[in-house]
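J.: just need the structure, nothing else, for what follows:
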Amino acid sequence: MAQEESTLVALATYNEIDNLPSLVEAVHENLPLANVVVIDDNSPDGTGPWCEKMAARESWFTCIHRPSKLGLGTALRTAMQTAVERGVEALITLDADWSHPPEILPKILEASNHADVVIGSRYCPGGGIEGWPLRRRVASRAINLASRNLLGIPVRDCSGNYRLYATSLLSQINWDKIHAEGYAYIEEILWHLHLLDARFAEVPILFTDRQAGESKINSAEMVGAAQMLGRLAVQRASRILRRKK
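T.: Purely as a prediction, here's the structure:
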């Protein structure tokens, strides 16, 4: 199991000042020995200055400032590469809008005793969703069904960002082969970890829609995820055909 004191918790932010301070406090309460890093995309709402004040006050908190809104995918890549550079054992990612319950953090860390990737899962037994309209539920189910069937990834929740990654595996990834941006990155990184024979585990969570602020997901993100799945499905089929020759 990854040690709490060698764990980095990452939060990607854009205009999350209404959620971030209380969430960071809750993360620290649940994993008091872990470090926290915020990757902020030059939020105009004061998120960046708040992070600077927090970093000056608390040694376990840092912030990486980016010049503009570059998206979740590149923010997650930055978090992963930062975890590898810092030499920590594990990276935990979660959304900065309170949709992922921080009280589950100790269970996710505990599950890393037998897994390289632990997913806070909406779709494993005991998991669920609150506050989503039917169309969003259907779209999420469709993406996850496609990920399992087209890519062979052995988890029920492929599109959620509440995860623990063993940095020993992240250090083996060829970043040049990851092309997805935005939320599609969340599925593509699982594909590359699956190719590295990652051991997966899922911990049930109750996902609740954001407490404050606006959702960053739009129709373009859905299209991007579908395109990414099609591209990786072709790659998987080619790999299977090569093995049969």
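J.: which stretches of this structure form strands?
T.: 7-13, 35-40, 61-65, 90-93, 117-121, 128-130, 163-166, 200-204, 206-208 (DSSP state E).
J.: how about the contacts made by the residue nearest to the spatial centre of the chain?
T.: Compute the mean C-alpha point of the chain, and by C-alpha atoms, centre = their mean the closest residue is residue 161, 3.0 Å away. The contact partners of residue 161, taken as C-beta atoms under 8 Å, 6 or more residues apart in numbering, are 72, 76, 93-95, 100, 183, 186. Bear in mind the C-beta positions are built from the backbone N, C-alpha and C, glycine included.
J.: in helices, which of the residues you listed fall?
T.: Mapping these onto helices (DSSP state H) picks out 72, 76, 186.
J.: re earlier: can I get the strands of the chain in JSON lines including mean neighbour count and distance to residue 52?
T.: Listed next are the strands of the chain as JSON lines, based on neighbours: other C-beta atoms under 10 Å; distance: least, C-beta to C-beta, whole Å:
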{"stretch": "strand 7-13", "mean neighbour count": "26", "distance to residue 52": "13"}
{"stretch": "strand 35-40", "mean neighbour count": "24", "distance to residue 52": "10"}
{"stretch": "strand 61-65", "mean neighbour count": "17", "distance to residue 52": "7"}
{"stretch": "strand 90-93", "mean neighbour count": "26", "distance to residue 52": "22"}
{"stretch": "strand 117-121", "mean neighbour count": "26", "distance to residue 52": "29"}
{"stretch": "strand 128-130", "mean neighbour count": "13", "distance to residue 52": "34"}
{"stretch": "strand 163-166", "mean neighbour count": "25", "distance to residue 52": "27"}
{"stretch": "strand 200-204", "mean neighbour count": "20", "distance to residue 52": "33"}
{"stretch": "strand 206-208", "mean neighbour count": "18", "distance to residue 52": "29"}
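J.: so where's this structure uncertain?
T.: Flagging of the chain using pLDDT under 70 yields the residue ranges 210-230, 232-245.
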